[in-house]
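**Q** turn this into a structure:
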Amino acid sequence: MSFPRYQKYKASGVEWLGEVPEHWDVKRIGYYFKERREKVSDKDFPALSVTKNGIVPQLDTAAKSDDGDNRKKVCQGDFVINSRSDRKGSSGASELDGSVSLICTVMRPQEQVHTPFVHHLLRSQPFQEEFYRNGKGIVADLWSTNYSEMRNILLGMPPLPEQTRIAVFLDQELGKIDELVAEQRRLMELLKEKRQSVITHAVTKGLNPHAAMKSSGIEWLGDVPTHWEVTRIKRLSSLISKGTTPMTVGADFTKDGIRFLKAENITEAGVVEQPEFFISKEAHDTLSRSSLADGDVLVVIAGATTGKACVLSKEILPANTNQAVSFVRPKDKTHSAYINSWIGTSLVRNFIFLNSVQSAQPNLSMEDLGNIPLLLPPPDELEEIKNFIAVETAKFDTLTAEAQRASDLLHERRAALISAAVTGQIDVRPLLKKEAA
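**A** Model (predicted):
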């Protein structure tokens, strides 16, 4: 859908705004907002989190400070933005009274400001780039923009009634886009469930629906094909070990060198290179016990993603890993994909969760990992199952990738629509009149 533009524009004199509608004002943030600097305690004003989704009650994952008596007061309708560049996009108009960290800037809108409009304006991508461009700091990717710099940023502001119309239009259109995004997320969840179901059935029941069955002797496995062997992961492995931190040998991370994998690099789709961690060759040689090899099955054994696994390919090597990741090195490398598929089933993931040390975070010992039961078909049947899983998962992965691309495009459209509306690149007024009619 194409949107109309305003009939007349003028130069704003501001690079990030460009041309704005002729009747819009261009004035500094300090004209439209007043900074709120009142210090309060989180005992009197509940702690809030400033997120990319707006202002919400403090998240359980938020870093807690001992300085709860030294926070900034937030009132309903205030706009709050995190001043640090590594929190880009964390901002919003608050619907709650509360308190936030001192690294945040809190602003009280003046009478000529419609809060829902500036919620979109000050969260738009062009403004966020301009906001952090005005920051100061030593580190290239971490600096802060204080209110003293922020207050001088120029905004293009329509008359108050028009601000309201733009906010109404965006709420309507973004609601439609968000519903489409939610549909893509639901589709991806369904594909994930179906993918896992197909793998689980293949490695526990086989591909022959008429195969004779026997009791596995393991309650959570139930009946299995009569001619399959019930064994354990360690029986197929030449080594089960885990890594450590470079600090144990007096080393630290480096800007380049040998890749160092952490739990966040392990995904069901394989090893991802971001975030990147490296250690020196000297540290890698010293940590040779956890030097990884082609075909290793990497398994997260600590933290929220315990049980997540993937097969390491030679493209990532040389590489090392830390104590949150274990690696299973099969005696026969052709078993790598099957072991990985087995660990990824819902049955085994549930077994791992139940057998993890239940403390603040799950933790699976290497002994327990090695003792996980595993069903082993005869070699010819095993090869058929591996090929079947490879073909079927490729189909699911293709569909999932398509859904993710659709979701990404919707997010891009969402951001572009907000930017165009709040900077006056489209005129939404006639669109609202049509809907009202």
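
**Q** buried ones in the helix or strand harbouring E130, by neighbour count?
**A** In the assignment (DSSP states H and E), E130 maps to helix 125-133. By neighbour count with 16 or more other C-beta atoms under 10 Å, helix 125-133 contains the buried residues P126, F127, Q128, E130, F131, Y132. Backbone N, C-alpha and C define where each C-beta goes, glycine included.

**Q** ok, now stretch 18-31?
**A** Under the neighbour-count criterion of 16+ other C-beta under 10 Å, stretch 18-31 has E19, V20, P21, W24, I29 buried.

**Q** so what touches that stretch?
**A** 6, 8-14, 17, 107, 110, 150-159, 423-424, 427 (C-beta atoms under 8 Å, 6 or more residues apart in numbering).

**Q** spatially nearest residue to the residue lying farthest from the centre of the chain (excluding sequence neighbours)?
**A** Farthest-out residue of the chain from its mean C-alpha position, per C-alpha atoms, centre = their mean: A212, at 44.5 Å. Residue nearest to A212 in three dimensions, not counting chain neighbours: T226, with 4.3 Å by C-beta to C-beta, 6 or more residues apart in numbering.

**Q** pLDDT at the closest residue to R151 other than its chain neighbours, what is it?
**A** Taking C-beta to C-beta, 6+ apart as the measure, R151 lies nearest to G30, with 3.6 Å between them; neighbours along the chain are not counted. We have a pLDDT of 95 for G30.

**Q** what helix or strand is G30 on?
**A** Secondary structure assigned from DSSP H and E places G30 in helix 29-32.

**Q** name the helices or strands packed onto the following helix or strand past that helix?
**A** Counting by DSSP H and E, the next helix or strand C-terminal to helix 29-32 is strand 33-35. Here strand 33-35 touches strand 104-109, going by 3 or more C-beta pairs under 8 Å, 6 or more residues apart in numbering; DSSP states H and E.

**Q** what is the strand it packs on packed up against?
**A** Counting by 3+ C-beta pairs under 8 Å, 6+ apart, strand 104-109 packs on strand 33-35, strand 71-74, strand 79-82, helix 147-150.

**Q** partners of the spatially closest residue to T254 that is not a sequence neighbour in the sheet?
**A** Ranked by C-beta to C-beta, 6+ apart and with sequence neighbours excluded, the top spatial neighbour of T254 is F278, at 4.9 Å. Under the criterion DSSP bridges, F278 forms beta bridges with T254, R259.

**Q** wait, F278 touches A251, no?
**A** No: the criterion here is C-beta atoms under 8 Å, and F278 misses it with A251 at 11.0 Å.

**Q** coming back round to it: roughly how far apart are the residue farthest from the centre of the chain and K308?
**A** Separation of A212 from K308 (C-beta to C-beta, to the nearest Å) stands at 34 Å.

**Q** how many neighbouring residues does Y32 have?
**A** When counting by other C-beta atoms under 10 Å, one arrives at 20 neighbours for Y32.

**Q** likewise for D296?
**A** Using other C-beta under 10 Å, the number of residues around D296 comes to 27.

**Q** likewise K52?
**A** K52 sits with 12 neighbouring residues when counted by other C-beta under 10 Å.

**Q** could you do R37 as well?
**A** Using other C-beta under 10 Å, R37 has 11 neighbouring residues.

**Q** confirm it sits in a helix?
**A** No: secondary structure of R37 (DSSP: H, G, I helix; E, B strand; the rest coil): coil, not part of a helix.

**Q** in the chain, mark out all the helices, start to finish.
**A** With DSSP state H as the criterion, the chain has helices at 29-32, 115-121, 125-133, 147-150, 160-205, 281-286, 336-343, 346-355, 366-370, 379-422, 429-436.

**Q** nearest to G295, of these?
**A** helix 336-343 (4.4 Å; C-beta to C-beta).

**Q** that closest one to helix 346-355, inter-axis angle?
**A** 60 degrees (axes from the mean of the first three to the mean of the last three C-alpha atoms, to 10 degrees).

**Q** distance of the residue nearest to T254 relative to T286?
**A** In terms of C-beta to C-beta, F278 sits 15 Å off from T286.

**Q** mind listing what T115 touches?
**A** Neighbours of T115 in contact, by C-beta under 8 Å, 6+ apart: G77, F79, A93, P109.

**Q** out of these, which end up buried?
**A** Among the contacts of T115, those classed as buried by neighbour count (16+ other C-beta under 10 Å) are F79, A93, P109.

**Q** for the first one, give the beta-bridge partners.
**A** Just to be clear, that refers to F79. Beta-bridge partners, per DSSP bridges, of F79: A93, M107.

**Q** pull the contacting residues for it.
**A** When contacts are counted by C-beta under 8 Å, 6+ apart, F79 touches F33, S91, G92, A93, S94, V106, M107, P109, T115, V118, H119, L122.

**Q** L121 is in contact with the third one, correct?
**A** No: applying C-beta under 8 Å, one finds G92 not in contact with L121, separated by 11.4 Å.

**Q** more neighbours: those two, which one.
**A** More crowded of G92 and L121, by other C-beta under 10 Å: L121, with 26 against 22.

**Q** now the more buried one: closest residue in space that isn't a chain neighbour?
**A** V422 (4.1 Å).
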